[in-house]
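In: structure of the sequence below:
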Amino acid sequence: MKDISRRGLIFGGATLGGLGLLFGVQRVLSSAFADDEPTPTSDDPTPVTVIRFSDAGERIGPISEPRVRKTKQEWKKQLTPLSYDVARRAGTEWAFSGELDKQYSPGLYRCICCGNALFDSSAKFDSGTGWPSFWKPIADKNVYEHKDISLGMVRREVLCKLCDAHLGHVFTDGPEPTGLRYCMNSVALRFIPRPSASSRPAGSNT
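Out: You can find the predicted model right below:
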């Protein structure tokens, strides 16, 4: 029985290690071969509508504004090399390396590129994958999905609605009530701690 348990632990550790290596290789390859344009972008000049939230997580309401567009040089000046690689070139940080993986304090998660509100701490959970995970975005209008067929798999890439920043992927193995797992990169997010007096969860997910 002890041998079976030991083999299970070894196999599980090897599996997690293999996944971390796989996504690490993906990050290196994306850095080497990705083009210099954001992923993917829309040429539609029509303004997009997103839901604004205060730093305290309070819903302000919908706002229509042009997509955020910057040159490669402007993004590189604003972002760290890793944030640029992930957010603007669809890279992936190493599993368990992100500083927000184990962050569970009340607060708001904004896009590192444009400040768009993306997730609230009330929807965060420990998925054990090594990446910050949420069971819903703070507002459906603030993100969008794109089919990703890299690595020989079909996945749903999650991007910021306002600036097209790559955030991560969404999977269907999350907890109730949505059953979804928004697996995000720490370096694509900026965490805004919520004052204790305003620790209530964010409002409507519309």
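In: would you map the helices across the protein?
Out: Taking DSSP state H as the test, the helices found in the chain are 2-33, 72-78, 81-87.
In: am I right that A123 is in contact with K136?
Out: Yes - counting by CB atoms under 8 Å, A123 touches K136, with 4.9 Å between them. All C-beta spots, glycine's among them, are computed from the backbone N, C-alpha and C.
In: between those two, which is the more surrounded one?
Out: Ranked by neighbour count (other CB atoms under 10 Å), A123 and K136 place A123 first, with 21 against 17.
In: re earlier: if I average pLDDT within each of the helices of the chain, which one is lowest?
Out: Ranked by mean pLDDT, the helices of the chain bottom out at helix 2-33, which scores a mean of 42.
In: find the centremost residue of this structure, please.
Out: Centroid check for the chain by CA atoms, centre = their mean gives M184 as the closest residue, at 2.8 Å.
In: where does the chain dip in pLDDT?
Out: The chain contains residues with pLDDT under 70 at 1-45, 197-206.
In: if we can go back for a sec, thought the residue nearest to the centre of the chain was touching P132?
Out: Yes - the criterion here is CB under 8 Å, and M184 meets it with P132 at 4.9 Å.
In: overlap of the contact sets of the two?
Out: With contacts defined as CB atoms under 8 Å, 6 or more residues apart in numbering, the residues shared by M184 and P132 are Y109.
In: which non-adjacent residue is nearest T49?
Out: S64 (4.8 Å; CB to CB, 6 or more residues apart in numbering).
In: next, count neighbours for S105.
Out: Residues lying near S105 (other CB under 10 Å) number 10.
In: thought it was touching S122?
Out: No - if you go by CB under 8 Å, S105 and S122 don't touch, sitting 11.6 Å apart.
In: neighbours of the nearest residue to E99 once chain neighbours are set aside, just the number please.
Out: Nearest residue to E99 in three dimensions, chain neighbours excluded: S186, at 5.5 Å (CB to CB, 6+ apart). The tally of other residues near S186 (other CB under 10 Å) stands at 23.
In: next one: S186 from R88, what distance?
Out: Using CB to CB, to the nearest Å, S186 is found at 16 Å from R88.
In: isn't F134 up against K124?
Out: Yes - assessed by CB under 8 Å, F134 is found in contact with K124 at 5.3 Å.
In: between these two, which is the more surrounded one?
Out: It is F134, of F134 and K124, that has more neighbours when counted by other CB under 10 Å, with 26 against 21.
In: residues touching that one, list them.
Out: F134 makes contact with 109, 119, 123-125, 181-182, 184, according to CB under 8 Å, 6+ apart.
In: try K161
Out: Going by CB under 8 Å, 6+ apart, K161 touches 48, 50, 116, 141-144.
In: how about S54?
Out: I60.
In: ends of stretch 177-186, how far apart?
Out: Start-to-end span of stretch 177-186 (CA to CA, to the nearest Å) is 24 Å.
In: please read the previous query as pertaining to stretch 131-146.
Out: Stretch 131-146 has its terminal residues 19 Å apart, counting by CA to CA.
In: gap between it and the chain center?
Out: How far stretch 131-146 lies from its chain's middle: 7 Å, per CA atoms, centre = their mean, to the nearest Å.
In: begin at 11 from now on, thanks
Out: With the count now opening at 11, the last piece we talked about shows up as stretch 141-156.
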